[in-house]
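Q: here is my input; please provide its structure:
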Amino acid sequence: MLVITRQAGETLLVGEEVSISVLAVEDGMVRLRIEAPRDIEIHRSELLAPGQAGNLQSKAATVGKTDDR
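A: Next up is the predicted model:
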C-alpha cells in the first residue's frame, strides 16, 4: 500500500495509462479526475455489495500475471 499527500492541481500516475488528479479540496471533500482507458473498471467501494470489493481486489491482483512454463 502507498500513502501519499497531494495538493489541488497535482497528479499521480499509475502505470502508463492511468492518471489521478486532485481538482479541489474543500470542506473535507476531495474532487478527483481519473483518466484511464475504457477497459479499466473504476468503482466506488461504498456502492459495491458487501464482499464484492474483496473480489475486485483479488481479481486485480491476478491481472498481468503470466504462466512461466
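
Q: what's the local residue count around Ala36?
A: By the criterion of other C-beta atoms under 10 Å, Ala36 has 14 neighbours. Placement of C-beta: from N, CA and C, glycine included.

Q: check contacts around the closest residue to it other than its chain neighbours.
A: Using C-beta to C-beta, 6 or more residues apart in numbering and skipping the chain neighbours, the partner closest in space to Ala36 is Val18 (4.4 Å). Going by C-beta atoms under 8 Å, 6 or more residues apart in numbering, Val18 touches Ile34, Glu35, Ala36, Ile40.

Q: pLDDT on the lengthiest strand in the chain, on average?
A: As assigned by DSSP state E, the longest strand anywhere in the chain is strand 18-26. On average, the pLDDT along strand 18-26 is 96.

Q: so which elements touch the very next helix or strand once past that strand?
A: Counting by DSSP states H and E, the element after strand 18-26 in chain order, helix or strand, is strand 29-35. Here strand 29-35 touches strand 18-26, going by 3 or more C-beta pairs under 8 Å, 6 or more residues apart in numbering; DSSP states H and E.

Q: buried sites along the strand it packs on?
A: Using 16 or more other C-beta atoms under 10 Å as the test for burial, strand 18-26 gives Ile20, Val22.

Q: direction included, what does the longest strand of the chain pair up with?
A: strand 11-14 (antiparallel), strand 29-35 (antiparallel) (DSSP bridges).

Q: contact partners for the most centrally placed residue in the chain?
A: Central residue of the chain (C-alpha atoms, centre = their mean): Ile42, 6.6 Å from the mean position. Taking C-beta under 8 Å, 6+ apart, we find Ile42 in contact with Ile34, Ala36.

Q: secondary structure element for Asp39?
A: Using DSSP H and E, no helix or strand contains Asp39.
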